[in-house]
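Chemist: the following block contains a protein sequence and its predicted model.
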Amino acid sequence: VQLQASGGGSVQAGGSLRLSCVVSGGTFSNYGMGWFRQAPGKEREFVARMTWNGASAYYADSVKGRFTISGDNAKNTVYLQMNSLKPEDTAVYYCAARPMFKTVYDYWGQGTQVTVSS
């Protein structure tokens, strides 16, 4: 299974970006999908995740109400819509796939840089 993330960039505070992550080599609907991020000098942290059937989504408190995770089974793609971006959202964002009924994310994308300026 391979994950390819894209959509990062540089925006001003208050702006929006949409990250995409294409999953190949596996059946998309068999995986719970998540987004994580890592800022310079910090550990990787959870951002958002959705269950394998898309029925539920969960968010870190820091992004709740601003970010939305969604999936498109036909395109084998998971998205992270990021609105009202803040400088503290600056990080490398990673998508990850968790096989159904497992609690560990086995597959990771390469990361895409998001930079938010004040």
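Modeler: Done, it's in. Residues are numbered from 1 along each chain as shown.
Chemist: element containing the residue nearest the centre of the chain?
Modeler: Residue closest to the average C-alpha location in the chain (CA atoms, centre = their mean): Trp35, at 2.7 Å. For Trp35, the host element (DSSP states H and E) is strand 31-38.
Chemist: show me what counts as buried in the next helix or strand after that strand.
Modeler: Going down the chain from strand 31-38, the next helix or strand is strand 45-50, by DSSP H and E. Within strand 45-50, the residues that count as buried by 16 or more other CB atoms under 10 Å are Phe46, Val47, Ala48, Arg49, Met50. (Each C-beta comes from the backbone N, C-alpha and C, glycine too.)
Chemist: and stretch 22-40, by the same measure?
Modeler: Within stretch 22-40, the residues that count as buried by 16+ other CB under 10 Å are Val22, Val23, Gly26, Phe28, Tyr31, Gly32, Met33, Gly34, Trp35, Phe36, Arg37.
Chemist: could you do stretch 69-81 as well?
Modeler: Going by neighbour count (16+ other CB under 10 Å), the buried part of stretch 69-81 is Ile69, Gly71, Asn76, Thr77, Val78, Tyr79, Leu80.
Chemist: got the phi and psi for the fourth one?
Modeler: Yep, that's Thr77 we're talking about. Backbone geometry at Thr77, expressed as degrees, to the nearest 10, gives phi -130, psi 140.
Chemist: is it true that it touches Val22?
Modeler: Yes - judged on CB atoms under 8 Å, Thr77 makes contact with Val22 at a distance of 5.1 Å.
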